[in-house]
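In: pasting the sequence and the predicted coordinates here, then a few questions.
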Amino acid sequence: MSEDERLDVRVTRDFGLSRRKAQDAIGAGQVDVDSVRIRDAGHRVAVGRAVAYDPNRRRDQTIRLSLPAAYQGDDLVVVDKPPGLLTVPTDGGMHDDSILSRLRADLTRARGPRAYVGALHRLDRGTSGLVAMALSRECHAAGRAAFRDHAFLRRYLALVEGVPKTSSGTIDLPIADEYEAGKRHIARDDDEPSRHAVTHYRVKERFSRAALLEVELDTGRQHQIRLHLRAISHPIVGDGVYGSKERSSGSRPFLHACKLAFPHPLTGELIDCESEPPKDFADALRRLRAGISRR
């Protein structure tokens, strides 16, 4: 056993809760470490430390959110985005369903019409997983600066077509500034206006005609992972824009933001969140592990 582990992992093992319920209990103030109440699910707990869980303790009063949260504080929340939901409304789409609009409605009920919500980064509509949102202007400004300084660790799971020949690799290809037919593309030469983009990947599982990759970003360009994986001939399964033209009805790119870690923009506290893939992603992996072709 390692010298320490995440608090939500310890609570899951010691008290038989699911990972999500363990995180919820910690955020509600129902878990102590050595008699000290800890509300951070990513808090590292050394072996031998006493961890107590009291489901009957009155839950801390927090703003009730309409989305599951891996972390929630007064100035910051990390939500677990389902696939199909926008991070922010599209241009001109004031009434689009999005994380931003849902959180703004949640906070307006609790804090009034001047409640503030701002996205620190974004996920594509089809991508699921962890997104950090600021709940104050001060946190938003500081958080965006930290994001530009690459203070955020972002890790993804990607189910791709084909199996990479190497167990790991780095893709360093600039992404062009201009769109073509509504799509981004890799810059064709040094003269084309573009932005530097670097993606690291590691093969976690191999299947007969697909692979599960763990992906980390040095940069955060729009559609970066989808473009970079296509560039090495391993597009994301279900990606109807940058992937194979043959895909099941209602499918989405099987890309999931599984880990997000960064210093709290205002306090410096380490925020360390993890997320399991949603049901559609998990079902696709189960079928591949069982050798069942998708119909």
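Out: Yep, that arrived.

In: make it CA atoms for all contacts and neighbour counts henceforth
Out: Fine.

In: run through the residues that contact the residue nearest to Arg58 when sequence neighbours are not counted.
Out: With sequence-adjacent residues excluded and distances taken as C-alpha to C-alpha, 6 or more residues apart in numbering, Arg58 is closest to Gln30, at 7.7 Å. Contacts here follow C-alpha atoms under 8 Å, 6 or more residues apart in numbering; on that basis Gln30 touches Arg37, Tyr53, Asp54, Pro55, Arg57, Arg58, Arg59.

In: could you rerun that using 10 Å?
Out: Contact partners of Gln30, counting by C-alpha atoms under 10 Å, 6 or more residues apart in numbering, are 22, 24, 37-39, 52-60.

In: ok, and the most crowded of those?
Out: The residue in those with the most neighbours, by other C-alpha atoms under 10 Å, is Ala22 (24 neighbours).

In: work out for me the element that one sits within.
Out: Under the criterion of DSSP states H and E, Ala22 resides in helix 19-27.

In: export that helix to PDB, keeping only CA atoms.
Out: What follows is helix 19-27 as a C-alpha-only set of coordinates in PDB (Å, rounded to 0.1, in the frame of the first residue of the first chain):
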ATOM      1  CA  ARG A  19     -16.900   7.000  -5.100                       C
ATOM      2  CA  ARG A  20     -19.600   9.600  -5.900                       C
ATOM      3  CA  LYS A  21     -21.300   9.200  -2.500                       C
ATOM      4  CA  ALA A  22     -18.000   9.300  -0.700                       C
ATOM      5  CA  GLN A  23     -17.200  12.700  -2.400                       C
ATOM      6  CA  ASP A  24     -20.700  14.000  -1.500                       C
ATOM      7  CA  ALA A  25     -20.300  13.000   2.100                       C
ATOM      8  CA  ILE A  26     -16.900  14.700   2.400                       C
ATOM      9  CA  GLY A  27     -18.200  17.900   0.700                       C
END
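
In: next secondary structure after it?
Out: Counting by DSSP H and E, the element after helix 19-27 in chain order, helix or strand, is strand 31-33.

In: contacting residues for the residue nearest to Ile236 when sequence neighbours are not counted?
Out: Distances taken as C-alpha to C-alpha, 6+ apart put Val160 closest to Ile236, at 4.2 Å, once the chain neighbours are dropped. Counting by C-alpha under 10 Å, 6+ apart, Val160 makes contact with 206, 209-213, 226, 229-230, 233-239, 243, 253-255.

In: just the buried members of those?
Out: Among those, the ones that count as buried by 16 or more other C-alpha atoms under 10 Å are 206, 210-213, 226, 229-230, 234-239, 243, 253-255.

In: so of those residues, which ones are in helices?
Out: Among the buried ones among the contacts of Val160, the members falling in helices (DSSP state H) are Arg226, Leu229, Arg230.

In: the first one and Pro68: what is the separation?
Out: Right, the one you point to is Arg226. As judged by C-alpha to C-alpha, to the nearest Å, Arg226 and Pro68 stand 25 Å apart.

In: please apply the same query to Val36.
Out: According to C-alpha to C-alpha, Val36 stands 25 Å off from Pro68.

In: who's more crowded, those two?
Out: Shown here are Val36 and Pro68; by other C-alpha under 10 Å, Pro68 has more neighbours (17 against 11).

In: list the contacts of that one.
Out: Each residue near Pro68 by C-alpha under 10 Å, 6+ apart is listed here: Arg20, Asp24, Val77, Val78, Val79, Asp80, Lys81, Pro82, Leu130.

In: and the third one, that's in a helix?
Out: So that's Val77. No - looking at Val77 with DSSP: H, G, I helix; E, B strand; the rest coil, it is strand, so not inside a helix.

In: what bridges to it?
Out: Gln72, Met133 (DSSP bridges).

In: which intervals of this protein have sub-threshold pLDDT?
Out: Low-confidence segments of the chain (pLDDT under 70): 1-2, 60-62, 92-94, 245-250, 292-295.
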